[in-house]
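**Q** Just to be clear, the model below is a prediction. Sequence and coordinates:
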Amino acid sequence: MVYLTRLEHFNAAHKLYNPTWNREKNEEVFGKCANENWHGHNYELLVTVKGNPDPDTGFLFDVKKLSNIIKDEVTEKLDHKNLNVDVDFMRGKMCSTENLAIAIWKQLEPHIPSPVKLHCVKLYETPRIYIEYFGD
Amino acid sequence: MSQKVAVFRKEHFNAAHRLFNPSWDNNRNDEVFGKCNNPNFHGHNYDLIVKLVGEPDPETGYVMDMKALSTIIKENVLKKFDHKNLNLDTEYFKNVNPTAENICVVIYNILREKIDKRLEMQVRLYETERNFVEYPVL
């Protein structure tokens, strides 16, 4: 079994704000991340797939195809967007890095052809904060 | 012989912004600013490096106390910009497009007022790891 990782990136605005709470509660819980006019990040996304190299190509998975899947299903929909407002697959969800990583997994997983398996979505919100999701 | 030394302080802030020119129509803004013109904003992790050049003080050995420099940057720049919308939440970009170039000039002008005039100063601002600007050009 080998693991192959592709690194992509996108820039986006968001806020952490629970609409069922009042502003005071949101500020208490989310601090400056609750700023009603948004703030933003440079996100770094690492997508890891796993499997065995194909005997004919030596590839686990064509990394150009993996890059295109990530671009079509994820980064084109997130890059230079407002995560709370512009992204169909985040609608109704809190735009935390946790939820975004899970949503990215759900976007990608159906497009990874068997026998290759999606192993990990690792999402950096800042160089110092990241989330890993393994699908369970 | 010059004993000048350069000292650098690195800070960071996260902010939303949008690039557009209100005197142009939407098509022209899209053409020039592309996806940076998204009306719902997008955002960045900005890295800020402030460079000061001067001779170390004979009594302290410092060009400037870095803790004092850090406090000045925090109080005068980060408090105003961190987790903000640069277009909507700051006084500086009501009529100025918040490009990395203009943000860098604004930060320089804010800090220049607060730091000993005998020290030369230069500000470098990273909008992404791959895009960064410097002001003034030395």
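**A** Structure's in. What do you need?

**Q** Which residues are in contact with residue 53?
**A** In the absence of a named chain, chain A is used. A:2, A:59-60 (C-beta atoms under 8 Å, 6 or more residues apart in numbering or on different chains). For every residue, glycine as well, the C-beta is placed using N, CA and C.

**Q** Not quite, go with chain B.
**A** Taking C-beta under 8 Å, 6+ apart, we find residue B:53 in contact with B:4-7, B:63, B:119-122.

**Q** For PyMOL, write the selection for the buried entries among the residues you listed.
**A** Filtering these down to the buried ones (16 or more other C-beta atoms under 10 Å in any protein chain shown) takes a single PyMOL command:
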select buried, chain B and resi 7+63+119+121+122
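
**Q** Can you lay out the contacts of residue B:53 as TSV showing distance to residue B:81 and pLDDT?
**A** Shown next, in TSV, are those (distance: C-beta to C-beta, whole Å; pLDDT from 0 to 100):
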residue	distance to residue B:81	pLDDT
B:4	30	96
B:5	28	97
B:6	24	97
B:7	22	98
B:63	25	97
B:119	22	98
B:120	23	97
B:121	18	98
B:122	19	98
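
**Q** Looking at the contacts of residue B:53, spot the one nearest residue A:74.
**A** Using C-beta to C-beta, the shortest approach to residue A:74 within the contacts of residue B:53 belongs to residue B:122, at 37.6 Å.

**Q** Show the contacting residues for that closest one.
**A** Residue B:122 neighbours (C-beta under 8 Å, 6+ apart): B:50-51, B:53, B:108, B:134-136, B:138.

**Q** Could you list the residues of chain B in contact with chain A?
**A** Proximity of chain B to chain A, by C-beta under 8 Å from any C-beta of the partner chain, involves residues B:12, B:14-17, B:34-36, B:38, B:40-45, B:82-85, B:88-89, B:128-129.

**Q** If you tally nearby residues, what's the number for residue B:19?
**A** For residue B:19, the neighbour count with other C-beta atoms under 10 Å in any protein chain shown is 20.

**Q** So which residue is dead centre in chain B?
**A** By C-alpha atoms, centre = their mean, chain B has its centre lying nearest to residue B:104, at 3.6 Å.

**Q** So which residues of chain B form helices?
**A** For chain B, the helices defined by DSSP state H cover B:26-33, B:66-73, B:79-81, B:86-89, B:100-112.

**Q** and those helices as TSV, adding distance to residue A:71 and mean pLDDT?
**A** Output for the helices of chain B, formatted as TSV (distance: least, C-beta to C-beta, whole Å; pLDDT from 0 to 100):
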stretch	distance to residue A:71	mean pLDDT
helix B:26-33	20	96
helix B:66-73	37	97
helix B:79-81	30	97
helix B:86-89	27	97
helix B:100-112	24	98
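
**Q** What about residue A:118, how many residues nearby?
**A** 19.

**Q** Name the residues of whatever helix or strand it lives in that are buried.
**A** Assessed by DSSP states H and E, residue A:118 sits inside strand A:117-126. The neighbour-count check on strand A:117-126 (16+ other C-beta under 10 Å) flags A:118-125 as buried.

**Q** okay but residue A:13 is in contact with residue B:36, surely?
**A** No: applying C-beta atoms under 8 Å, one finds residue A:13 not in contact with residue B:36, separated by 11.5 Å.

**Q** With neighbour numbers in mind, choose between the two.
**A** Using other C-beta under 10 Å, the more surrounded residue of residue A:13 and residue B:36 is residue A:13, with 29 against 18.

**Q** wait, what's in contact with the closest residue to chain B within chain A?
**A** Nearest residue of chain A to chain B, counting by C-beta to the nearest C-beta: residue A:40, 0.6 Å away. Shown in contact with residue A:40 (C-beta under 8 Å, 6+ apart): A:11-14, B:14-17, B:41-45.

**Q** want to try a markdown table for these, with distance to residue A:69 as columns?
**A** Compiled in a markdown table, the contacts of residue A:40 are given as follows (distance: C-beta to C-beta, whole Å):
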| residue | distance to residue A:69 |
| --- | --- |
| A:11 | 20 |
| A:12 | 19 |
| A:13 | 25 |
| A:14 | 23 |
| B:14 | 28 |
| B:15 | 31 |
| B:16 | 28 |
| B:17 | 29 |
| B:41 | 27 |
| B:42 | 22 |
| B:43 | 25 |
| B:44 | 25 |
| B:45 | 25 |
